[in-house]
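Novice: sequence? don't have it. structure:
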């Protein structure tokens with residue numbers, strides 16, 4: 001039976017089929033465009049904020065939101081994973097980088113800079129991820145239970161939160177490398193009360209109120225009353241308002257409020273990482289690679305199962321490794337899949353990794369032309385990306401995204 005006879009017998013209209021396919025593809029494309037732009041908007045404040053956690057300049061956070069996103073699009077099999085800045089990994093990378101710089105001994109070579117150690121850690125992390133793929137070690141992921149991952153991220157989230165206290169209230173506390181440094185830092189804060197910047201505290205309170213009202217009151221109300229499902233970019237709105245107010249009122253000069261600082265325009269040229277710190281970086285990058293693999297594979301598997309497609313977890317090891325190693329040709333810090341950012345991307349309509357193209361396009365514009373307008377942005381605003389509610393442990397009952405216990409690093 002020919003195709004024409006088959007179509008005629010079963011009443012199949014070829015023109016209707018083509019029209020349906022075209023409409024289906026258009027719907028997917030629209031979803032990817034909206035989802036990609038939404039994810040890009042989320043990337044901007046997160047990249048700048050997490051650069052501070054890594055101890056590097058803000059512009060490197062924008063690079064993390066651009067290059068890995070593009071590379072993963074070509075190698076990954078997860079349609080929705082949003083690769084980029086990750087709070088827990090940023091904290092671990094800074095700690096590893098400080099240890100590498102402390103132990104660096106060379107009379108012939110200058111000591112490495114924080115961004116050089118971060119870049120080499122990213123490169124070495126990619127090596128471990130590739131080796132896991134080559135030796136087919138994906139079975140290891142099955143030993144990482146939900147409780148283990150959520151417990152780890154909860155503890156690390158508390159560390160990240162404490163690290164943001166300085167910017168939230170405008171003081172400077174002494175850093176400690178002792179085992180109980182997190183408690184020492186908290187106990188030291190009362191002694192700094194007299195140095196608190198009142199204007200910084202006012203901005204902190206107003207910003208938190210704005211974000212909480214927007215995300216917990218306005219958005220649910222719009223979704224319930226008007227079936228409005230597009231996630232409003234409250235962080236971006238707050239960034240624009242804060243940056244404009246800072247430029248007009250000169251927050252830094254007139255009120256002593258810390259600002260982000262210089263964000264150079266233009267793309268960096270590719271360059272090999274600093275191999276003088278290769279061996280120590282290779283050792284210190286092991287826990288970074290383990291955390292990245294555990295979080296990414298767990299998240300990607302869950303999404304693939306819920307949305308209904310097949311994930312090649314073996315290929316994901318190669319995707320992570322190649323993404324990390326290629327990204328390390330540019331100055332940036334280690335990256336992973338962001339839980340909250342990925343879920344926000346799906347809710348915005350993301351269907352495939354094509355959304356990464358539109359996400360990167362937005363970041364490309366920011367890096368080339370818009371970044372300089374963020375230089376006067378108060379650092380306290382960046383700390384709100386990691387505020388108390390962002391690190392609250394919660395039960396997520398959404399059937400579509402079954403995360404039993406998680407820490408929502410981003411929203």
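Specialist: All right, it came through fine. If you're wondering where the values come from, they're calculated on a predicted model, not measured in any experiment. Residues are numbered from 1 along each chain as shown.
Novice: In three-state terms, how would the residue lying closest to residue 276 once chain neighbours are set aside be classified?
Specialist: For residue 276, ignoring the flanking residues on the chain, the nearest one in space by CB to CB, 6 or more residues apart in numbering is residue 109 at 5.2 Å. C-beta here means a position set from N, CA and C on the backbone, and glycine is covered the same way. Under DSSP: H, G, I helix; E, B strand; the rest coil, the three-state class of residue 109 is coil.
Novice: Does residue 109 touch residue 277 like I think?
Specialist: No. Here residue 109 lies out of contact with residue 277, judged by CB atoms under 8 Å, at a distance of 9.3 Å.
Novice: So these two - more neighbours on which side?
Specialist: Each of residue 109 and residue 277 has its neighbours counted (other CB atoms under 10 Å); residue 277 has more, 25 against 11.
Novice: Was I right to think the more buried one contacts residue 116?
Specialist: Yes. The criterion here is CB under 8 Å, and residue 277 meets it with residue 116 at 7.2 Å.
Novice: Torsion angles phi and psi at residue 84?
Specialist: Torsion angles at residue 84 (phi, psi; degrees, to the nearest 10) stand at phi 160, psi -150.
Novice: Quick check: beta-bridge partners of it?
Specialist: residue 336 (DSSP bridges).
Novice: Need the contact partners of whatever helix or strand residue 324 lives in.
Specialist: Per DSSP states H and E, residue 324 falls inside helix 313-327. Residues outside helix 313-327 that contact it (CB atoms under 8 Å, 6 or more residues apart in numbering) are 64, 67-68, 71-72, 75-78, 83, 122-123, 125-133, 136-138, 141, 292-293, 296-297, 300-301, 334-335.
Novice: So among the residues you listed, which ones count as buried?
Specialist: Listed as buried from the contacts of helix 313-327 are 64, 67-68, 71-72, 75-78, 83, 122-123, 125-130, 132-133, 138, 141, 292-293, 296-297, 300, 334-335; burial here means 16 or more other CB atoms under 10 Å.
Novice: before we move on, the earlier item: what's the distance between the residue nearest to residue 276 and residue 268?
Specialist: 22 Å (CB to CB, to the nearest Å).
Novice: so for the helix holding residue 324, what's the average pLDDT?
Specialist: Here helix 313-327 scores 94 as its mean pLDDT.
Novice: Next: stretch 244-252.
Specialist: The average of the pLDDT scores along stretch 244-252 is 90.
Novice: ok, and what's touching it?
Specialist: If you take CB under 8 Å, 6+ apart as the criterion, stretch 244-252 is touched by 199, 255, 257, 258, 259, 376, 377, 378.
Novice: Identify the residue nearest the geometric centre of this protein.
Specialist: Centroid-nearest residue in the chain, with CA atoms, centre = their mean: residue 85, separated by 2.9 Å.
Novice: ok, now how distant is that residue from residue 211?
Specialist: 18 Å.
Novice: Could you measure from the closest residue in space to residue 71 that isn't next to it in sequence over to residue 74?
Specialist: Distances taken as CB to CB, 6+ apart place residue 323 nearest to residue 71, at 4.4 Å, with adjacent residues excluded. Here residue 323 is placed at a distance of 9 Å from residue 74 (CB to CB).
Novice: What residues of stretch 224-233 count as buried?
Specialist: Neighbour count says stretch 224-233 has 231, 233 buried, by 16+ other CB under 10 Å.
Novice: So which residues make contact with it?
Specialist: By CB under 8 Å, 6+ apart, the residues outside stretch 224-233 that reach it are 34, 38, 41, 42, 214, 218, 219, 222, 223, 344, 347, 348.
Novice: run the last query once more with 7 Å
Specialist: Here stretch 224-233 makes contact (CB atoms under 7 Å, 6 or more residues apart in numbering) with 38, 41, 214, 219, 222, 223, 344, 347, 348.
Novice: Quick check on those residues: which are buried?
Specialist: Counted by 16+ other CB under 10 Å, the contacts of stretch 224-233 give 38, 41, 214, 219, 344, 347, 348 as buried.
Novice: that older thread, more neighbours, residue 323 and residue 74?
Specialist: Shown here are residue 323 and residue 74; by other CB under 10 Å, residue 323 has more neighbours (26 against 12).
Novice: now the helix or strand hosting residue 41: mean pLDDT?
Specialist: Assigned by DSSP H and E, residue 41 belongs to helix 14-54. If you average the pLDDT over helix 14-54, you get 75.
Novice: and the next element down the chain from that helix?
Specialist: In N-to-C order, the element after helix 14-54 by DSSP H and E is helix 58-64.
Novice: chain center to that following helix, what's the gap?
Specialist: Centroid separation for helix 58-64 versus its chain: 11 Å, with CA atoms, centre = their mean, to the nearest Å.
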